[in-house]
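Undergrad: A predicted structure for the sequence below; I have some questions about it.
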Amino acid sequence: MPMLLDPSTKYRPYTPLNLPDRQWPSKVLRKAPIWLSTDLRDGNQALANPMTIEQKTIFFKTLVKCGLKEIEVAYPAASDTDFSFVRGLIEGGQVPDDVWIQVLTPAREDLIKRTVESLAGVKHAIVHMYNATCPCFRDVVFRNSKEDTIALAIKHTKIVRQLTDEATAKYGTKFKYEYSPETFTQTEPEFALAVCEAVKTAWGKAGTGEDRIIFNLPATVEIAPPNHYADQAKREKIVVCLHPHNDRGQGIAAAELALMAGADRVEGCLFGNGERTGNVDIVNLALNFYTQGVSPNLDFSDLQSVIDVVTACNDLPIHPRHPYAGELVFTAFSGSHQDAIKKGFEAQRVRHAEAAKTGEMQYWDIPYLPIDPADLGCSYEAVIRVNAQSGKGGIAYLVQQHLGLDLPRKMQISFYQVIQEIADREAREMRVDDITAAFRSTYKFGGSKYEGRLVLKSHKVASEPADESASGDEPADERRLFDGTILVDGVLRVIRGDGNGPLSALLDALSTHLDLHYAIREYSEHSVGEGSGVKAASYVEIVPNLEDAKSTRKSAESWWGVGVDSDIAGSGLRAVLSAINSAIGDRTLPELKLSVGFNAKSGQADVASAIVHSLHLELPRRLQASFFEVAQRAARETDGHLSFSDVVALFRETYHYELPNTPGRVVLRKYKMENVGDDGGKQLTGDFIWDGKPRQMVGHGTGPLSALLAVLNSQINGTLSAREYAEHSIGEGSDVKAVSYVELAYDAEGKRTTAWGVYSDQDITASGLKATVLATNQLNVDIKPFVDGQ
Ligand SMILES: CC(=O)SCCNC(=O)CCNC(=O)[C@H](O)C(C)(C)COP(=O)(O)OP(=O)(O)OC[C@H]1O[C@@H](n2cnc3c(N)ncnc32)[C@H](O)[C@@H]1OP(=O)(O)O
Ligand SMILES: CC(C)C(=O)C(=O)O
């Protein structure tokens, strides 16, 4: 059947009230009403499977926890379950002293008796009686005249009065009386008033404060706009109570307008459960007050646990778009919303910091979010969710929240394209984990799982004065020398470069050693974290290094990279490698080939690469230079060529590195290192072998090496001194070892000779001492003759 073209032939419009001097539309709500939850009655009676006693008990406790002080707990005459539930609450002492339980009864003597019986022994109770008053019910359901209807209400009010007086005498119960002209909204207003007047007289003890009679105005069926309902909510020394239903979807509006018109109390259910389209939603109403800065006197700070109880007990879901409580209400998918929320949070942070200084109010003012989700116990996790409708702002917000990285605007755009492409291709929402994983793998960021083809293993950046001759009148900037070990497709390589800063020095090294020619177009950085754990985050945009600076700057192609490190130069270097990893894709990189000797093509760094790759030794720069000379000499002495393994074998031989039976005139067999004095001085007591003879000797110094040098210098003519010392670890976990590099200078008879010692040991002090002994044995030291007994 089609819908009617002229519905006026079937449906009568409501009759509006003519109140030309109504004032309430300009009133503002500044105080929350008295709340009554009727979840356990009106809500319960509307369920396909009414709640069990256990469910009602859990629900009741939740309502008490939320701060409800008046709770309609049952229609006790309806069923044994409802009656027993009320008895259980009272006998089990589960009703707090400041909570009034309310019970509903129709205007029938047998049912009123049963109802009041259910309340035996309670401290505070509200008996709520109803009879329908509108023409349709008078004519059809009760077949009563107006007079009969009033008489019914009077008679049964008197019965309630008598029974409650008896209960008060017996148990000391304090009662309130609530009367509902059911179907109030369909009743002639003047008749509803007449019934209420008659009931008030019949009750006979309506007073002030707790003795006020409650007149409830049920919108049993919502039939008119909310202003019409509000027009009827006038007050006269009574509690005017609202009981809105939601047939026209106006329950909230009707309650708010009627409160503006002067009502005092609202009956409703959590999340709007109840007959048909439900009762007015108490959570929604209460939080509307809250967001106007008015305390609702209810606590929904753990809203999810309330949702869990209510949905389990009612066996009804909450719509995902339900105000305040729906799963999606604090969620923004669309780009412009996300962007506005992100900007809103940033601006609010600044505004609140300022207000904290001046003592001004820190108001909540975030686009699209009328309430702080945190006030309801929700995290911001769900606020911004990403799908193909989302923009850069929301994605950047999630990266900031979850990785602590505040991406520069252009990088946001670049990463947005990555996410957009995945979301579109896979036609699905991108969860936070998807986004952070995409970020990590795009920028090779965050640990070995996301490593790229180039990985920075260790580096040093040194400075040296720039070439003065080239600098004109201005003082010359310092040049930076980059020395690093990087993993290139799994092969450790030493690379070196120089530039006017650490990043350009790295780019120079990549250009020299790996044929990668890029320039930096944009760079920014910020700190991450606070206090001693603070780190630096750097972002770079690289472009191909083209012939001229202008084309380079204007390049259409660019790649972004990010790096985090406790050291700001380190974070920049990592950011450059992150960007380079994106730029190279799967392009083939030049392999490490050694060519030492005649027509040599390999430099010091290539030879050092062979050592770091095979032995994991990151040689100090001067040792690289020294060993390079050794290698070149060896190449000249052979056929002019050294293979990769020849170079490694040559290193081992030259420095007796990890060879058995290390030869030498001086051997340190055992030692003991002790702290002496108050200034951190060291005393070394060592079992030595000097020219084959065992000797125990003691030396003092400011550290272990100087204590050893003191022993050595006491036994030789001339002086040994440490020129350079370096150390690093090799391996990981329980296999970790320390390797020490010591360069000694020997000054004797006006001549200086130098030599390196390299030693690895699980004990870092031992590695330094033994490297020093090895260096000593490389030098032709003049050992003093031993005097017996020394
Ligand atoms: C709008 C609301 O939400 S009102 C509350 C509605 N809630 C409920 O009805 C749930 C609980 N109700 C029940 O369990 C039952 O209906 C009971 C126990 C109250 C009564 O059961 P029964 O005696 O079997 O009657 P029934 O369920 O058929 O109710 C209709 C009778 O009550 C009468 N009635 C209905 N409302 C009222 C009232 N407020 N006052 C007096 N009588 C009433 C009807 O006129 C009808 O009487 P009739 O049999 O003489 O024609
Ligand atoms: C009994 C009354 C208050 C009622 O529930 C209604 O009319 O909706």
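TA: That came through fine. Numbering: from 1, shown residues only. Ligands and ions are numbered 1, 2, ... in the order given.
Undergrad: how about M673, phi and psi?
TA: When read as degrees, to the nearest 10, the backbone of M673 gives phi -120, psi 130.
Undergrad: Show me what counts as buried in stretch 612-627.
TA: Applying a neighbour-count criterion of 16 or more other CB atoms under 10 Å, one finds 612-621, 623-624, 626-627 buried in stretch 612-627. In this view, the C-beta of every residue, glycine as well, is placed from N, C-alpha and C.
Undergrad: how about the helix or strand encompassing L503: buried residues?
TA: Using DSSP states H and E, L503 falls within helix 502-514. Judged by neighbour count (16+ other CB under 10 Å), helix 502-514 contains these buried residues: P502, L503, S504, A505, L506, L507, D508, A509, L510, S511, H513, L514.
Undergrad: tell me which of the buried residues of stretch 612-627 is nearest to ligand 1?
TA: Ligand 1 lies nearest to H616 out of those, by CB to the nearest ligand atom, at 81.4 Å.
Undergrad: for ligand 1, what are the nearby residues on the chain?
TA: Proximity of the chain to ligand 1 is confined to 42, 45, 75, 77-78, 106-108, 111, 130-131, 141-142, 182, 220, 275 under the rule CB under 6 Å from any ligand atom.
Undergrad: Break the chain into its domains for me.
TA: 31-314, 335-443, 449-466+476-584, 604-655, 666-783 (automatic domain parsing).
Undergrad: For the third one, measure first residue to last.
TA: One end of domain 449-466+476-584 sits 19 Å from the other (CA to CA, to the nearest Å).
Undergrad: what's the distance between that domain and the middle of its chain?
TA: 30 Å (CA atoms, centre = their mean, to the nearest Å).
Undergrad: With stretch 267-287 instead?
TA: With CA atoms, centre = their mean, you get 32 Å for stretch 267-287.
Undergrad: For it, list every residue counted as buried.
TA: By 16+ other CB under 10 Å, the buried positions in stretch 267-287 come out as 267-275, 278-287.
Undergrad: Stretch 709-720 now?
TA: By 16+ other CB under 10 Å, the buried positions in stretch 709-720 come out as L709, A710, V711, L712, N713, Q715, I716, G718, L720.
Undergrad: which one of those is nearest ligand 2?
TA: For the buried residues of stretch 709-720, the nearest to ligand 2 is L709 (97.0 Å; CB to the nearest ligand atom).
Undergrad: my guess is the closest one meets I716, correct?
TA: No: counting by CB atoms under 8 Å, I716 is not a contact partner of L709; they are 10.4 Å apart.
Undergrad: The residue of the stretch 151-300 of the chain found nearest ligand 1 - how many residues pack around it?
TA: Each residue of the stretch 151-300 of the chain has a distance to ligand 1, by CB to the nearest ligand atom, and the smallest belongs to T220, at 4.9 Å. When neighbours are counted by other CB atoms under 10 Å, T220 registers 24.
Undergrad: contacting residues for it?
TA: T220 sits next to A132, E182, T183, F184, T185, Q186, H243, H245 when contact means CB atoms under 8 Å, 6 or more residues apart in numbering.
Undergrad: overlap between those residues and the residues near ligand 2?
TA: E182, H243, H245.
Undergrad: and the residue of the stretch 351-500 of the chain found nearest ligand 1, what does it touch?
TA: Distances from the stretch 351-500 of the chain to ligand 1, computed as CB to the nearest ligand atom, single out L376 as the nearest residue at 30.0 Å. Contacts for L376 (CB under 8 Å, 6+ apart) come out as L287, F300, S301, D302, L303, Y324.
Undergrad: my read: the fifth one touches P323, true?
TA: If I follow you right, that is L303. No: in this structure, L303 sits apart from P323 without contact. The criterion is CB under 8 Å, and the distance is 11.5 Å.
Undergrad: Quick check: neighbours shared by those two?
TA: Both L303 and P323 lack any common contact, where contact means CB under 8 Å, 6+ apart.
Undergrad: So for the lowest-mean-pLDDT helix or strand in the chain, what gets flagged as buried?
TA: Ranking every helix and strand in the chain by mean pLDDT, DSSP states H and E puts helix 549-554 at the bottom, with a mean of 79. Taking 16+ other CB under 10 Å as the basis for neighbour counts, the residues of helix 549-554 that come out buried are T552.
Undergrad: For it, give me every contacting residue.
TA: Looking at what lies outside helix 549-554 - CB under 8 Å, 6+ apart - the contacts are A519, R521, V543, P544, N545, L546.
Undergrad: and the third one, which of the three is it?
TA: Using DSSP: H, G, I helix; E, B strand; the rest coil, the three-state assignment for V543 comes out as strand.
Undergrad: Pull the contacting residues for the nearest residue to it once chain neighbours are set aside.
TA: By the measure of CB to CB, 6 or more residues apart in numbering, the closest residue to V543 outside its immediate chain neighbours is S555, 3.9 Å from it. S555 sits next to R521, V543, P544, L546 when contact means CB under 8 Å, 6+ apart.
Undergrad: about what we covered before: please check the residues of the chain next to ligand 1 and keep the buried ones.
TA: Neighbour-count burial (16+ other CB under 10 Å) applied to these gives 42, 45, 75, 77-78, 106-108, 111, 130-131, 182, 220, 275.
Undergrad: Where does pLDDT dip in the stretch 501-650 of the chain?
TA: Within the stretch 501-650 of the chain, the stretches falling below the threshold (pLDDT under 70) are 595-601, 640.
Undergrad: do the same with the stretch 351-500 of the chain
TA: In the stretch 351-500 of the chain the weaker segments, taking pLDDT under 70 as the threshold, are 380-382, 466-477.
Undergrad: quick one, strands of it?
TA: Counting by DSSP state E, counting those that start in this stretch, the stretch 351-500 of the chain has these strands, from start to end: 454-465, 478-488, 491-499.
Undergrad: CA atoms only: put stretch 149-160 into CSV for me.
TA: Taking Å, rounded to 0.1, in the frame of the first residue of the first chain, the C-alpha atoms of stretch 149-160 are listed here in CSV:
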residue,chain,number,x,y,z
THR,A,149,-11.6,8.8,35.7
ILE,A,150,-11.1,11.4,38.4
ALA,A,151,-12.9,9.2,40.9
LEU,A,152,-10.7,6.2,40.1
ALA,A,153,-7.6,8.4,40.7
ILE,A,154,-9.0,9.8,44.0
LYS,A,155,-10.0,6.4,45.3
HIS,A,156,-6.8,4.6,44.6
THR,A,157,-4.7,7.6,45.8
LYS,A,158,-6.5,7.3,49.1
ILE,A,159,-5.7,3.5,49.2
VAL,A,160,-2.0,4.3,48.6
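Undergrad: which outside residues touch it?
TA: 105, 107-109, 112-113, 116, 127, 129, 131, 133, 138, 142, 144, 177, 179, 181, 194-195, 198-199, 201-203.
Undergrad: name the helices or strands packed onto the helix holding L503?
TA: Packing contacts for helix 502-514, counted by 3 or more CB pairs under 8 Å, 6 or more residues apart in numbering; DSSP states H and E, involve strand 454-465, strand 478-488, strand 491-499, strand 518-528, helix 568-584.
Undergrad: could those go into TSV alongside mean neighbour count?
TA: Formatted as TSV, the entries for those read as follows, by neighbours: other CB atoms under 10 Å:
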stretch	mean neighbour count
strand 454-465	16
strand 478-488	21
strand 491-499	21
strand 518-528	17
helix 568-584	22
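Undergrad: between those, which one is nearest to G93?
TA: Proximity to G93, assessed across the helices and strands packed on helix 502-514 by CB to CB, is greatest for strand 518-528 (54.6 Å).
Undergrad: and the closest one, what other elements does it pack with?
TA: If contacts are counted by 3+ CB pairs under 8 Å, 6+ apart, strand 518-528 sits against helix 502-514, strand 535-544, helix 549-554, helix 568-584.
Undergrad: tally of neighbours for the residue in the stretch 501-650 of the chain positioned nearest to ligand 2?
TA: In the stretch 501-650 of the chain, no residue comes nearer to ligand 2 than E530, which is 56.5 Å away by CB to the nearest ligand atom. When counting by other CB under 10 Å, one arrives at 7 neighbours for E530.
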